[in-house]
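> this one's structure only:
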């Protein structure tokens, strides 16, 4: 763990309404757009009863900028009006990390 | 965000081998066992190509204790030998949080 440089994770958990028209396309578009933002490090996403998307960023400033990005704001509004019945956003500092590969 | 008390999240992302016998039962058993541990706050889980499980804890000590819990150690070994082709564990401090409800 020497020289580990902390970075940030945004944990987005959600449940959906029955109104899902346009959601999948927008989700893909937003994921693609996120990868083009300054400070973007990666994203993981999975969805069953609950959807979980975790995105990783270099700084809190990068997260703030992405939240305020123009096309993303439109997507967030559409999410609130149509797609999500509930969501939660957690801003986290990644303090340690380890992995396993076969 | 006044009086927000930071807590901790463990982001566990994984991909699976084709050897999945016993996995679902063990995953349920571990989730149930986690809820009984000191400092456990909650858990979210979803799985498509990638599996994501995020568990929430009061302190880093609670996370350490859960990692070393006897039955959990057995599950971790089985995960490494049989079920996971890859996994990543991130220990995070949740610094801010907000949600939306319809």
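Great, that's in hand. Keep in mind it's a predicted model, so treat the numbers as computed, not measured. Numbers count the residues shown, from 1 in each chain, chains lettered A, B, ... in the order given.

> each with direction, which strands does the helix or strand where residue A:15 lies pair with?
For residue A:15, the enclosing helix or strand under DSSP states H and E is strand A:7-16. Strand A:7-16 has the following strand partners under DSSP bridges: strand A:51-57 (antiparallel), strand A:84-101 (antiparallel).

> okay, these in a markdown table with mean pLDDT and mean neighbour count next?
C-beta coordinates here come from the backbone N, C-alpha and C atoms, glycine included. As requested, these are exported to a markdown table (pLDDT from 0 to 100; neighbours: other Cβ atoms under 10 Å in any protein chain shown):
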| stretch | mean pLDDT | mean neighbour count |
| --- | --- | --- |
| strand A:51-57 | 98 | 22 |
| strand A:84-101 | 97 | 16 |
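
> need the ones you listed in JSON lines with distance to residue B:19, can you?
Shown next, in JSON lines, are those (distance: least, Cβ to Cβ, whole Å):
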{"stretch": "strand A:51-57", "distance to residue B:19": "24"}
{"stretch": "strand A:84-101", "distance to residue B:19": "15"}
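
> closest one to residue A:22 among these?
Across the strands paired with strand A:7-16, the minimum distance to residue A:22, taken as Cβ to Cβ, is reached by strand A:84-101, at 12.9 Å.

> list of residues touching that closest one?
Outside strand A:84-101, the residues that touch it by Cβ atoms under 8 Å, 6 or more residues apart in numbering or on different chains are A:1, A:4, A:6-17, A:56, A:60, A:63, A:79, B:9, B:11, B:80, B:84-102.

> let's see that with 6 Å instead.
Here strand A:84-101 makes contact (Cβ atoms under 6 Å, 6 or more residues apart in numbering or on different chains) with A:6-15, A:17, B:9, B:86-102.
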